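A.B. asks: Take this sequence and fold it.
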Amino acid sequence: MPTPLAEKIKALILANGPISITDYFALCLADPEHGYYRTRHPFGRAGDFVTAPEISQLFGEMLGVFMITTWQRHGEPQDVRLVEIGPGRGTMMADMLRVIARVAPGLYETATVHLVETSALLKLTQMETLSSHGDKVSWHDSFEGVPGGFTLLAANELFDAIPIRQFVKTPTGFRERMVGLDKQGDLCFTTGVATLDAALLPQQLALPDDGAIYEVAPARQSVMLTICERLRQHHGTALVIDYGHMVSNFGDTLQAVRAHEYDPPLAHPGLADLTSHVDFENLARTSLSAGVHLNGCMHQGDFLVGLGIEERAAALGRGKDEKIQNDIVEAVKRLAGSGNGYMGELFKVMAVSNPVVHVAPFKVKH
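C.D. replies: The predicted structure is shown next:
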């Protein structure tokens, strides 16, 4: 049975011709009537996927530690804007604030918290999660709404949900991949007329065979540039966490997840979460071109271990029963372990700062 959004997209294609992957991606997630993020709570056991903060409080606590040490490196400025873009249920921010309040009261007392959220449903959940922090927390529909000032920013699994464009290698060069209709009137992939400037391809790689796909993400670059511009004007550090690759490459990473299982991207528009891998090399280049300092990019596992997740886990489990201790060990494995089902290698962490400061656990570059 086609979904209501599938019917709407088919009607659009019948009227105007095939649509780009960008438009398909945006409709699936943000269509006002049937979009995935407009109609449901995607997070947690009952949702379609589980994010790192939902696995264990340890994740948000480590980010809290990162924000404290970074604030210290910047000279402990007053009146900090602690910003999260796409805060999910508010779990990560709640865990960060608990650590900050306990370990760095000087930061907690003068900071204000700013959540950038477009979903009214999620905003209600966040308000509940963060109610103990009172009027310290405010919400904004866009990043532009966050007041000026020294900024510590976190974005966890934000970029993977920003639409991409895909180009397919053909005998006559790269052409834009589109969504059209097959002979039965079902959604299918097709190629359009738009071509890709060869300068955008990874220069160090040989051209792939026909049918290979290259992804570009101007909308992601634009968000990164906006964040960098903010750091240039007001100073601070931004931390980006997402699954993706550190080296630009060819390949199709468009994927849909429904009820914790992979789903063909065209199968259930509006009912499945649509994402693609983040090209961190591209985000890093974009940041450098914007004139901020790139602290580095590393695997999530190395980042969390470098911040002390194992020591914190041991303290959390001390004196608890065996089941709780095993749960904590399992959570650390899921967050920081490598291999199938673990997030430690698949997820990458990138930090950028202005002015130039060294922030742990990133290594100083010589």
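A.B. asks: who touches the residue nearest to the spatial centre of the chain in this structure?
C.D. replies: Most central in the chain under Cα atoms, centre = their mean is Glu157, positioned 2.1 Å from the mean C-alpha point. By Cβ atoms under 8 Å, 6 or more residues apart in numbering, the contact set of Glu157 is 51-52, 86, 88, 241-243. Yep, even glycine has a C-beta here, placed from its N, CA and C like the rest.
A.B. asks: rerun at 10 Å
C.D. replies: Residues near Glu157 by Cβ atoms under 10 Å, 6 or more residues apart in numbering: 43, 49, 51-53, 86, 88, 92, 240-243, 275, 278, 347.
A.B. asks: Single out whichever of those residues has the smallest pLDDT.
C.D. replies: Of all the contacts of Glu157, Phe49 carries the smallest pLDDT score, 48.
A.B. asks: ok so, going back, what is the nearest of the contacts of Glu157 to Leu29?
C.D. replies: Thr275 (9.0 Å; Cβ to Cβ).
A.B. asks: That closest one bridge partners, please.
C.D. replies: Gln255 (DSSP bridges).
A.B. asks: picking up where we left off before, buried only: go through the contacts of Glu157 for me.
C.D. replies: Using 16 or more other Cβ atoms under 10 Å as the burial test, those include 43, 49, 51-53, 86, 88, 92, 240-243, 275, 278, 347 as buried.
A.B. asks: Just give me the closest of the residues you listed to Lys8.
C.D. replies: Closest approach to Lys8 among these (Cβ to Cβ): Thr275, at 21.0 Å.
A.B. asks: tell me, how many neighbours does the closest residue to His133 other than its chain neighbours end up with?
C.D. replies: If the residues on either side of it in the chain are set aside, His133 comes closest to Leu97, at 6.1 Å by Cβ to Cβ, 6 or more residues apart in numbering. Neighbour count for Leu97, taken as other Cβ atoms under 10 Å: 23.
A.B. asks: Just to be sure, Leu97 is in a strand?
C.D. replies: No. Read with DSSP: H, G, I helix; E, B strand; the rest coil, Leu97 is helix and lies in no strand.
A.B. asks: could you give the mean pLDDT of stretch 323-342?
C.D. replies: 89.
A.B. asks: would you list every one of the strands in the stretch 201-350 of the chain?
C.D. replies: For the stretch 201-350 of the chain, applying DSSP state E, counting those that start in this stretch gives strands covering 213-216, 236-245, 255-258, 261-263, 273-275, 278-279, 293-299, 347-354.
A.B. asks: what comes up buried for the last one?
C.D. replies: Translated: strand 347-354. So strand 347-354, judged by 16+ other Cβ under 10 Å, has buried residues 347-354.
A.B. asks: The strands of the stretch 201-350 of the chain: which one's closest to His133?
C.D. replies: Nearest of the strands of the stretch 201-350 of the chain to His133, taken as Cβ to Cβ: strand 236-245 at 20.1 Å.
A.B. asks: now the angle from that closest one to strand 293-299?
C.D. replies: Angle, strand 236-245 to strand 293-299, by axes from the mean of the first three to the mean of the last three Cα atoms, to 10 degrees: 40 degrees.
A.B. asks: what are the pairing partners of strand 236-245, and which direction each?
C.D. replies: The strands beside strand 236-245 in its sheet (DSSP bridges) come out as strand 151-156 (parallel), strand 278-279 (parallel), strand 347-354 (antiparallel).
A.B. asks: How far away from the center of its chain is the first one?
C.D. replies: Counting by Cα atoms, centre = their mean, to the nearest Å, strand 151-156 is centred 11 Å from the centre of its parent chain.
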